[in-house]
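Asks: after the sequence you'll find the predicted model.
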Amino acid sequence: MMRKFLNLMLLGVFLTFTAGAAKAQEVQKIVAIVNEEVISGFDVIQRISLRIFMGGLRDTRQTREQLVPSTINALIDDRLKAQEAARYNISATDQEINAAIEGFEGRYRIRRGMAEQALASRNISLEALIDEIRVAIAWDKLIRRRIIPRVNVTDEEIAAEQERLRSNKGKNEYQIREIFMAVDTPTEESNVSQRINNLYGQLKQGADFEKVATQFSEGPTAATGGEVGWFMAEELEPAIAQVVAGKKGGTLLQPVRGQDGYYIVEVENVRQILSNQSGDAMLNIAQIAVPMSLAEKTGRQDSQKALAASLSNFVDSCDYLPQLFQQVSNPQTGPMGQAQLSKLPDHVQELVKDLKPGQASRPYLDKDIYRVFIVCDRRDANQQSDDEEVIRQKLGRQRIEARVERYLNDLRREAVIESR
């Protein structure tokens, strides 16, 4: 039977210090024992410091105190995950760990090979990061072996989802992220309210929502940076639905009290179900420039206009663009790279907003240059589909997430966990 007790009075003595400043006897104290595996005060201090670093948060006494309960729970869960993976002889390889460290350096703009020094400057050992990475990789492998192959989505379930989408066509759907903090007993109400409002203040000052959610949220979406997905307002918990309805994309909402605790919700995007309207998108664009300057001198402007129109009609793929660029050789012809549709100039947005990969725009006269824009790749952020395969993947992901959470809950329930 599971027995989990958080000795907060003990932890409050030393968690306000960094690992380098805490006294030796404090960091060696046993905080919890998970199926006979010890979690020490040092483990907790290190993980808290790492979470503050990764979340981009202010390193204050208040922040550290707020992180105590969720950090202990996270360490307990990590022990359970590692033990379960070991039971199936699953582990992370050195190559996988090194690749993850390189990814960490890239995400946090640390010079390659300098992760250890960057963490040491915050009194965090590299081993604290490696421990977290090792568990995450092993757990992911375990899920891929034991959960994912058993997930099945039937044709009947796909048909039901298609019908749901079609019956709600045109209604707003909201893409949201959340930070959740549970209120388990009435005595916790004030403390949790204070913690959630402190986080909201840091988010208002520019802290990254995804990073903060990963480090602070106590819900299952913490693993994906608080990502909840796309929902109609009426599908959400009533208290959340009330504040989400009618909001625009990019809106950070004030903390709201839900049934089981407090939420901070960010509305990332809004779309209409099965709408034909194009939303925002990431595009890979190239352009062909046809200058008019030389033609004006020879009186052959019409030939350049005809050339631009011919190129616009001719292009139907990006595969042969390199050869075409060589033939239409000028400094402004060539790849433009990645661009977000909404951040392009208005006239360019109008030209490319409905183009599919491989399609070219009509010629656009920009002062004395005809420009033809070609979309080589497109990823629509708000695009929704009732395609069978898209729905199968969506329902499959939801089922996997639910089974993973149930699996972890079973491990928690069956474990013997004590505090000292």
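Replies: Good, I have the coordinates.
Asks: and residue 117, what element?
Replies: Counting by DSSP states H and E, the secondary-structure element that holds residue 117 is helix 115-120.
Asks: who are the packing partners of the helix or strand just after that helix?
Replies: Next helix or strand after helix 115-120 toward the C-terminus (DSSP H and E): helix 126-146. Contacting helix 126-146 under the criterion 3 or more Cβ pairs under 8 Å, 6 or more residues apart in numbering; DSSP states H and E are the following elements: helix 41-55, helix 61-87, helix 94-107, helix 115-120, helix 388-414. From N, CA and C alone the C-beta is placed, and that goes for glycine too.
Asks: tell me the buried residues in the following helix or strand past helix 126-146?
Replies: Scanning forward in sequence from helix 126-146 by DSSP H and E, the next helix or strand is helix 155-167. Neighbour counts using 16 or more other Cβ atoms under 10 Å place 158, 161, 165 of helix 155-167 among the buried residues.
Asks: tell me which of those is nearest to residue 46?
Replies: Closest approach to residue 46 among the buried residues of helix 155-167 (Cβ to Cβ): residue 161, at 44.2 Å.
Asks: is the closest one in contact with residue 396, as I believe?
Replies: No: taking Cβ atoms under 8 Å as the contact criterion, residue 161 and residue 396 are not neighbours in contact, 11.6 Å apart.
Asks: quick check: domain ranges of the protein?
Replies: 8-149, 171-272, 281-380 (automatic domain parsing).
Asks: I'd like those laid out as a markdown table, including mean neighbour count, mean pLDDT and distance to residue 401.
Replies: Supplementary listing: the domains of the chain in a markdown table, determined by neighbours: other Cβ atoms under 10 Å; pLDDT from 0 to 100; distance: least, Cβ to Cβ, whole Å:
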| stretch | mean neighbour count | mean pLDDT | distance to residue 401 |
| --- | --- | --- | --- |
| domain 8-149 | 17 | 87 | 10 |
| domain 171-272 | 17 | 92 | 7 |
| domain 281-380 | 15 | 84 | 23 |
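Asks: nearest to residue 391, out of these?
Replies: The closest approach between residue 391 and any of the domains of the chain, judged by Cβ to Cβ, belongs to domain 171-272 at 12.4 Å.
Asks: tell me which helix or strand comes right after the helix or strand hosting residue 199.
Replies: Remark: residue 199 resides in helix 189-204, with elements defined by DSSP H and E. Moving toward the C-terminus from helix 189-204, the first helix or strand encountered (DSSP H and E) is helix 209-216.
Asks: how much space between the residue positioned nearest the centre of the chain and residue 284?
Replies: Among the residues of the chain, the one closest to the centroid is residue 225, at 4.8 Å (Cα atoms, centre = their mean). The gap separating residue 225 from residue 284 is 25 Å, by Cβ to Cβ, to the nearest Å.
Asks: could you do residue 59 as well?
Replies: Looking at residue 59 against residue 284, where the rule is Cβ to Cβ, the gap reads 40 Å.
Asks: next: residue 248.
Replies: 27 Å.
Asks: who's in contact with the spatially closest residue to the residue nearest to the centre of the chain that is not a sequence neighbour?
Replies: If you skip the residues right next to it in sequence, residue 225 has residue 210 as its closest partner in space, 3.5 Å away by Cβ to Cβ, 6 or more residues apart in numbering. If you count contacts by Cβ atoms under 8 Å, 6 or more residues apart in numbering, residue 210 has them with 177, 225-227.
Asks: mind running it again at 10 Å?
Replies: Contact criterion Cβ atoms under 10 Å, 6 or more residues apart in numbering gives 55, 177, 224-227, 266, 268 as the residues in contact with residue 210.
Asks: repeat that for residue 153.
Replies: Shown here is residue 153, whose contacts under the criterion Cβ under 10 Å, 6+ apart are 161, 388, 391-399.
Asks: please repeat the previous calculation with a cut-off of 7 Å.
Replies: By Cβ atoms under 7 Å, 6 or more residues apart in numbering, the contact list for residue 153 reads 392, 395-396.
Asks: got a pLDDT number for it?
Replies: The confidence metric pLDDT takes the value 95 at residue 153.
Asks: over to residue 403?
Replies: Each residue has a pLDDT score; the one for residue 403 is 94.
Asks: count of residues packed around it?
Replies: As a burial measure, the neighbour count of residue 403 was computed by other Cβ atoms under 10 Å and equals 16.
Asks: so who does it touch?
Replies: Residues residue 147 are the ones in contact with residue 403 under the rule Cβ under 7 Å, 6+ apart.
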